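Enquirer: Could you work out the structure for the sequence below:
(chains A, B, C and D)
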Number of protein chains: 2
Amino acid sequence: MGDTGAVAKLSDVAARAGVSVSAVSRVLSGDPSARLSEATRERVRKAAGEVGYHPNFAGRALKLARTDVLALIVPDVTNSLFAELTRGVEDEAVARGCVMLLARSEDMQPGGSLFDRLLGEGRVDGIVLQPRDGTDPDELAQSVGERAPLVTIHQPIPGASSVVVPDALAARRATEHLIALGHRRIGFAGGLAGSPTARRRAAGHLDALEEAGLEQDPHLVTWRGYREQDGRASTAELLALPERPTAIVAANVNAAVGVLAQARAQGLAVPEDLSVVAVHDAWTAGHTWPPLTCVRMPLYELGRTAVAALAHVIDGGAIEHRSVEDPEPVLIRRESTAEPRG
Amino acid sequence: MGDTGAVAKLSDVAARAGVSVSAVSRVLSGDPSARLSEATRERVRKAAGEVGYHPNFAGRALKLARTDVLALIVPDVTNSLFAELTRGVEDEAVARGCVMLLARSEDMQPGGSLFDRLLGEGRVDGIVLQPRDGTDPDELAQSVGERAPLVTIHQPIPGASSVVVPDALAARRATEHLIALGHRRIGFAGGLAGSPTARRRAAGHLDALEEAGLEQDPHLVTWRGYREQDGRASTAELLALPERPTAIVAANVNAAVGVLAQARAQGLAVPEDLSVVAVHDAWTAGHTWPPLTCVRMPLYELGRTAVAALAHVIDGGAIEHRSVEDPEPVLIRRESTAEPRG
DNA sequence: GCCGTTTGCGCAAACGATTGATCAGGCGTT
DNA sequence: AACGCCTGATCAATCGTTTGCGCAAACGGC
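Expert: Numbers count the residues shown, from 1 in each chain, chains lettered A, B, ... in the order given. Okay, here's the model as predicted:
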């Protein structure tokens, strides 16, 4: 395609089309205020195609002080929970002409080098960040300072935009499902007590109980965390109660996997002896045994919204806090829930 | 930290230290051939620290024609199989002073925009690519052309370096394990017939059978693919045989999950009625029911080696094809394998 | 046929960092 | 006293792109 081995630049196109570099730049960038004859435009486009021209990233970024790169930083890139979020972020980024840079937040200790590398060096225009669970919002806010367009996910921090999903409503739907099946004693395997999402989900769970006029035994609510082993621990705790719950709401799919494992380890059949429903959904939920009943959250839309919010900040807009309400959390009935044993 | 809201540049540091821009550049880049007094160096370093200087990425990239960014392109970033690979790539990239750009290969159809975006625009110095299963090597090679430092993983293509893991040996270890347990009729749930890794693994499996003097019934080898549903299909096929296998080697963890699901669906208990062992290992393998016996592959080292190979190409080295032999594939015994039912 | 306006395009100055070339002194040598 | 050399630091060109401004030619109205 190209004539030489070297990468074509603006001046190559200009030479081939017999016009100046600036003319080429204007044609190719589609500058509407540029006054260029259609004949010239056509010649330039043809020449650009012939030499396989692509604008040099560095030159452009230097001049425009903008890279069109957005970073998405999540605790663990390979966690299936982030699949949809990642797709949403990428789709919206591409729709806005940006490239997405995916990074793990492991190397993200306050003062860590990743932030400096990305923002300090001007590698990215902005960051969508999902803080690791247990991160102190104030500490993080201080570490970020004012220096960067930033949107956090799930956990608002001072001085930055944020986007959340309706955690309370989702947990409420999960609990309502169990109540509708006839369960009366329902355990809650929650996230860390310090986690905002965990608090919201617990609140939604309790709301549903209250609305149904059911007991709110504090022993039935645990705060172990979102990991598989946390789900295990929560379940062990709940099943050790003098009066066992007949169902458990897990605040997260990974924790739910732990709930299933622990139930099995204690010889309980799911859903016959214990119903399990998880907040969140992911492809892994269909591969567990039994497949998990879940409340699907709008994570794809969360990703898209986060990028939109980020773009807003980059364009000089004010900080804002959004919640993704559409589509609503919806229950995906699989095989881990059933009526309590007579 | 910084004095003003704006990002500090070289000239700011120079002004503060009372020296020229070039002096600052030389001090900060640690140029050994630079003749600068220790006093000046110290003043420059102090000034740089005070204003919180970070070299502007675009300016540097433009001048050096190098971005120190490496792209890792995998079929699906959220697949747990890529967790270790990703860590290996990132660790080695960081060790070499590079940033890793993680991307999905979905948008990677030949002629697709991602390649152009990354390489044509000079956003990355090179690419580590794991082609989607079923990709035609020649087509891909043609699409890439000579235009970029590229290292492929698992699947060599013409004109680019490649790194593989000992697939045959891993499959052999899996099959040997089953033979040692006493199995004589062993099914193989393989990848697509067109996939090089699948062929290598199947060959290793057959080698083990041959060495043990066991039958090599072609009906016991299937070629459905690496996905969960492929494992299901393979299993259905194998279990429909007049003489059922007592064990199945799954060519991949995801396929193995499908094997487990299908076995259960047909009322078979694992490992009592059917033993299952998977090539590859991933954290998900410990979360299935029962937890999967696996052959662990050196995927972390694969990632590191791939980046090393890429760096070699970028530095002008010759194309080369490596195999990661250390550490060797090793069997991780979990609960999905047992002696065949007497 | 003269003047003001529009059209079509090129010149040149940034953007920030790197680096070969250059320059001003101080010192030792002849 | 004139010379060359080494040290310490600056000058200026360069990477590829964008964009405000200037300049000619064409055009229209009187």
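Enquirer: which ones are touching the nearest residue to A:Gln130 once chain neighbours are set aside?
Expert: Of all residues not flanking A:Gln130 in the chain, A:Ile153 sits nearest, at 4.2 Å (Cβ to Cβ, 6 or more residues apart in numbering or on different chains). C-beta: built from backbone N, CA, C; applies to glycine. Listed by Cβ atoms under 8 Å, 6 or more residues apart in numbering or on different chains, the contact partners of A:Ile153 are A:85, A:128-130, A:162-164, A:302, A:306.
Enquirer: confidence score at the spatially closest residue to A:Pro329 that is not a sequence neighbour?
Expert: Nearest residue to A:Pro329, sequence neighbours excluded (Cβ to Cβ, 6+ apart): A:Ala170, at 3.8 Å. Per-residue pLDDT puts A:Ala170 at 97.
Enquirer: Same check on A:Glu146?
Expert: pLDDT, read off for A:Glu146, is 69.
Enquirer: Using CSV, write out every CA atom in stretch A:316-332.
Expert: Extracted C-alpha coordinates of stretch A:316-332, given in CSV (Å, rounded to 0.1, in the frame of the first residue of the first chain):
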residue,chain,number,x,y,z
GLY,A,316,-14.5,21.8,31.4
GLY,A,317,-17.9,20.8,32.8
ALA,A,318,-18.7,20.8,36.5
ILE,A,319,-18.2,17.8,38.7
GLU,A,320,-21.4,15.7,39.0
HIS,A,321,-22.6,12.6,40.6
ARG,A,322,-24.8,10.3,38.5
SER,A,323,-26.8,7.2,39.1
VAL,A,324,-27.6,4.8,36.3
GLU,A,325,-31.3,4.2,36.6
ASP,A,326,-32.0,2.7,33.2
PRO,A,327,-32.4,-0.2,32.7
GLU,A,328,-33.5,-1.1,36.2
PRO,A,329,-32.0,-4.0,38.1
VAL,A,330,-33.8,-7.1,37.0
LEU,A,331,-34.0,-10.5,38.5
ILE,A,332,-32.5,-13.3,36.4
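Enquirer: Buried ones in stretch A:230-243, by neighbour count?
Expert: Buried residues in stretch A:230-243, counting neighbours by 16 or more other Cβ atoms under 10 Å in any protein chain shown, are found at A:230-239.
Enquirer: Same check on stretch A:285-304?
Expert: Across stretch A:285-304, burial judged by 16+ other Cβ under 10 Å covers A:285, A:287-304.
Enquirer: can you tell me which of these are in helices?
Expert: A:299-304 (DSSP state H).
Enquirer: measure whatever residue of the stretch 101-250 of chain A ends up closest to DNA strand D to B:Ala8 for me?
Expert: Nearest residue of the stretch 101-250 of chain A to DNA strand D, counting by Cβ to the nearest atom of the strand: A:Gly122, 13.6 Å away. Per Cβ to Cβ, to the nearest Å, A:Gly122 is found 11 Å from B:Ala8.
Enquirer: residues shared between the contacts of these two?
Expert: B:His54.
Enquirer: before we move on, the earlier item: most widely separated two among the contacts of A:Ile153?
Expert: Using Cβ to Cβ, the pair of the contacts of A:Ile153 lying farthest apart is A:Leu85 and A:Ser162, separated by 14.2 Å.
Enquirer: Between these two, which is the more surrounded one?
Expert: A:Leu85 (26 against 22; other Cβ atoms under 10 Å in any protein chain shown).
Enquirer: That one against A:Leu299, yeah?
Expert: Yes. The pair A:Leu85 / A:Leu299 is scored as a contact, 4.8 Å apart, by Cβ atoms under 8 Å.
Enquirer: what's the span of stretch A:318-336, first residue to last?
Expert: 44 Å (Cα to Cα, to the nearest Å).
Enquirer: Please point out which parts of that stretch sit buried.
Expert: Those buried within stretch A:318-336 under the rule 16+ other Cβ under 10 Å are A:319, A:322, A:324, A:329, A:331, A:334, A:336.
Enquirer: Return the distance of the residue in the stretch 201-342 of chain A positioned nearest to DNA strand C relative to A:Val69.
Expert: Using Cβ to the nearest atom of the strand, the single residue of the stretch 201-342 of chain A nearest to DNA strand C is A:Ile314, 17.0 Å away. Relative to A:Val69, A:Ile314 is positioned 11 Å away (Cβ to Cβ).
Enquirer: what residues are shared contacts of the two?
Expert: A:Asp125.
Enquirer: okay, those two: which has more neighbours?
Expert: Neighbours were tallied for A:Ile314 and for A:Val69 using other Cβ under 10 Å; the higher tally belongs to A:Val69 (22 against 17).
Enquirer: quick one: contacts for the more buried one?
Expert: A:98-101, A:123-125, B:123.
Enquirer: what subset of these is also close to DNA strand C?
Expert: Applying Cβ under 7 Å from any atom of the strand to the contacts of A:Val69, one finds that nothing falls near DNA strand C.
Enquirer: which ones among those are found in strands?
Expert: A:99-101 (DSSP state E).
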